[in-house]
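Asker: pasting the sequence and the predicted coordinates here, then a few questions.
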Amino acid sequence: MPRSKHRSLPVRASALALVIAAGPALAAAVPSLDGPNLARGQWSSMHMLLQKLVFNVADVDARFDPPTQGRFSQLASGKTYSPELGHQLALAAIDAKHAVVQMQFKRDVPLNRWIGVVKDNLEQARKAGLITRDVEQRVGDSLPQWFGALKDRGYEKGDRLIYAVTPEALRSVVVSTGGQVLVDRTDPGHEGRRVVLGSFFATGSEFREPLLRSLFESH
């Protein structure tokens, strides 16, 4: 899907960022790609380097639960990547019950530019049928408050943006390179988790094909 070209941010943030909110760090451990509910081995993880022009912007990693790993294996074992296969794999990824997705930034990203691009992607998510127009409007209007903890700081090189998907909720965490939890929010229900996974794997997402192709490589 086409996206706005008028913004100068070197990363087109996906709708995945829409559920993060400012707030004090919680006592719970930071979600990990090595979490106990996640699978190991082939077909369990994905990786890509997000690049813009000559800049490396972020490492993106995703790991899924054993049932999703099994679905990936069933669909893709003995095959090579194709758009048709990619579509089936994307649907399986979006339906995952447990997953962790992490973006680790390789450069600074000012918050106001990030929010502007998130709003662009909210529109794309709505056009893809992932969220309603009401959700698009409500989330877009709430972004400055939700990201209040990062207002002056923005994202800095080395920060990690982590999403932990469970059947009951989505947890969104921002951790500095020094280990400080800057943002930690848990959103119950299915809306947030589907938007997050959908934003990575919806048709037209710049993350979709590189992540799905990486399933066929060793990690």
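Answerer: Cool, got the structure.

Asker: for this structure, what's the longest strand?
Answerer: strand 55-64 (DSSP state E).

Asker: R63 - how many residues pack around it?
Answerer: R63 has 25 neighbours, counted by other CB atoms under 10 Å. C-betas here are computed from N, CA, C, even on glycine.

Asker: hmm, it is touching G41, no?
Answerer: No - the pair R63 / G41 is not scored as a contact, 10.7 Å apart, by CB atoms under 8 Å.

Asker: what about the strands in the protein?
Answerer: Per DSSP E, the chain carries strands over the ranges 45-52, 55-64, 99-105, 160-165, 169-175, 181-188.

Asker: for the residue lying farthest from the centre of the chain, which residues are in contact?
Answerer: Taking CA atoms, centre = their mean, the residue of the chain most remote from its mean C-alpha position is G78, at 28.0 Å. By CB atoms under 8 Å, 6 or more residues apart in numbering, the contact list for G78 is empty.

Asker: quick one, what contacts L111?
Answerer: Here L111 is in contact with F147, L150, K151, R153, G154, Y155 (CB under 8 Å, 6+ apart).

Asker: quick check: closest non-adjacent residue to it.
Answerer: Among residues not flanking L111 along the chain, G154 sits closest, at 4.2 Å (CB to CB, 6 or more residues apart in numbering).

Asker: and what of P66?
Answerer: In space, and not counting its chain neighbours, P66 is closest to A39: 4.5 Å by CB to CB, 6+ apart.
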